[in-house]
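Peer 1: Okay, structure incoming, though there's no sequence with it:
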Ligand SMILES: [Mn+2]
């Protein structure tokens with residue numbers, strides 16, 4: 001019987017890191033299912049390939065440990081493959097290794113640039129497998145696979161099946177299921193944003209674990225992901241959050257703008273209802289923006305309304321960046337097909353706000369997710 005993911009992680013947890021260099025594989029700081037599945041399967045498959053490695057690659061989830069509970073889809077899928085939180089590694093572990101003067105060499109999956117807190121700890125990037133825009137960094141990394149694809153997990157799985165293992169290798173069902181789960185959610189059961197690597201993987205998954213109903217599993221995971229009952233506004237803002245540093249060569253705003261983008265799977269109307277009105281919700285946003293010490297907090301919502309997939313984008317700039325936010329919105333309005341929302345109708349009350357400090361739009365370009373939107377916002381700022 002082949003080693004399970006659970007046994008592999010157990011082994012990592014019970015093997016103290018004695019070497020001076022820790023090798024890790026980590027996903028991006030939104031730590032979505034794709035990032036987590038890609039990191040764990042990369043580490044696991046590397047170990048299966050070379051189990052005499054005295055110091056195996058450790059998968060790290062690029063968030064504080066306490067934030068995992070906010071990602072119910074991930075918790076659900078991990079439970080399906082018999083993995084519990086205590087077997088995982090998080091930002092705190094990186095911080096500890098760094099504090100113990102260890103050198104951290106990282107393989108990046110589901111992103112191709114080390115940013116924010118991880119940047120303080122990672123000494124060297126030694127591998128990249130990703131499906132975001134190529135930042136053209138770490139050109140000597142091995143492997144260095146950056147390809148447009150629905151799910152990064154497809155690139156990881158395909159890399160091991162085709163480039164690492166010899167033909168006929170049968171991975172254990174749990175790692176197949178983990179990658180499949182990410183692929184299903186990222187491509188809505190291989191119907192949306194699907195590229196050839198995703199389709200190649202679907203073929204392999206259906207042969208390797210024919211008993212898993214892809215349609216049912218997609219629904220199960222999406223339901224877990226959309227279950228945000230009991231969360232506070234702050235929980236929702238940090239649940240799927242990414243932070244970007246935009247540069248401006250002409251020195252606008254000191255040449256630097258820090259933007260945080262929270263993705264939320266409910267409409268703004270739902271948030272106002274859930275959190276006692278627009279004014280209170282906005283106060284939570286401002287508090288979160290201040291907690292993160294960023295210039296602009298942007299909320300991107302995506303949801304299905306009467307059978308139609310919709311997106312909204314809302315910017316909550318600090319006092320000193322109101323005009324910059326306005327200019328960024330003006331510059332991206334055409335690409336994003338922005339239509340201003342009437343906040344008073346949305347919040348169903350007489351509450352009014354200065355639109356400059358709370359800019360809310362319907363984003364009619366529904367194909368643009370944060371992955372596409374962030375570089376556009378960045379460009380709008382650098383063009384100012
Ligand atoms: Mn991804």
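Peer 2: Cool, got the structure. Just so it is clear, the structure is predicted and the values come from calculations on it, not from any experiment.

Peer 1: contacts, neighbours, all on C-alpha from now
Peer 2: Noted.

Peer 1: you'd agree residue 302 is in a helix?
Peer 2: No - residue state for residue 302 (DSSP: H, G, I helix; E, B strand; the rest coil) corresponds to strand; a helix is not indicated.

Peer 1: so what's it up against?
Peer 2: Neighbouring residues of residue 302 by Cα atoms under 8 Å, 6 or more residues apart in numbering: 263, 264, 265, 266, 267, 309, 310, 311, 312.

Peer 1: Those residues: which ones sit near the ion?
Peer 2: Residues of the contacts of residue 302 in contact with the ion (Cα under 5 Å from the ion): none.

Peer 1: The strand or helix carrying residue 203 close to the ion?
Peer 2: When elements are assigned from DSSP states H and E, residue 203 belongs to helix 196-208. No - Helix 196-208 lies apart from the ion when judged by Cα under 5 Å from the ion; the minimum separation is 12.1 Å.

Peer 1: Run through the neighbouring helices and strands of the next helix-or-strand element following that helix.
Peer 2: Going down the chain from helix 196-208, the next helix or strand is helix 214-226, by DSSP H and E. Counting contacts by 3 or more Cα pairs under 8 Å, 6 or more residues apart in numbering; DSSP states H and E, helix 214-226 is packed against helix 72-80, helix 173-187.

Peer 1: Out of those, which is closest to residue 135?
Peer 2: helix 173-187 (21.7 Å; Cα to Cα).

Peer 1: Make JSON lines out of the helices and strands packed on helix 214-226 and add mean neighbour count.
Peer 2: Formatted as JSON lines, those follow (neighbours: other Cα atoms under 10 Å):
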{"stretch": "helix 72-80", "mean neighbour count": "19"}
{"stretch": "helix 173-187", "mean neighbour count": "23"}
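
Peer 1: What mean pLDDT does the helix holding residue 203 get?
Peer 2: The pLDDT scores in helix 196-208 average 98.

Peer 1: Buried residues, it. List them.
Peer 2: 197, 198, 199, 201, 202, 204, 205, 208 (16 or more other Cα atoms under 10 Å).

Peer 1: how about a markdown table for the residues you listed, with distance to residue 24 added?
Peer 2: Formatted as a markdown table, those follow (distance: Cα to Cα, whole Å):
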| residue | distance to residue 24 |
| --- | --- |
| 197 | 24 |
| 198 | 25 |
| 199 | 28 |
| 201 | 24 |
| 202 | 27 |
| 204 | 27 |
| 205 | 26 |
| 208 | 27 |
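
Peer 1: which among these gets closest to the ion?
Peer 2: residue 198 (12.1 Å; Cα to the ion).

Peer 1: what's the closest one in contact with, if anything?
Peer 2: Residue 198 makes contact with 149, 150, 151, 154, 155, 183, 190 under the criterion Cα under 8 Å, 6+ apart.

Peer 1: again, but for residue 217
Peer 2: So residue 217 contacts 181, 184 (Cα under 8 Å, 6+ apart).

Peer 1: so how far is stretch 366-373 off the chain centroid?
Peer 2: Offset of stretch 366-373 from its chain centre (Cα atoms, centre = their mean, to the nearest Å): 13 Å.

Peer 1: what's near enough to touch residue 281?
Peer 2: Counted by Cα under 8 Å, 6+ apart, residue 281 has contacts 233, 271, 272, 275.

Peer 1: Report pLDDT for it.
Peer 2: Residue 281 carries a pLDDT value of 96.

Peer 1: Helix or strand for it, just tell me which one.
Peer 2: helix 278-292.

Peer 1: low pLDDT regions in the stretch 201-350 of the chain?
Peer 2: 342-350 (pLDDT under 70).

Peer 1: I appreciate the help and will end here.
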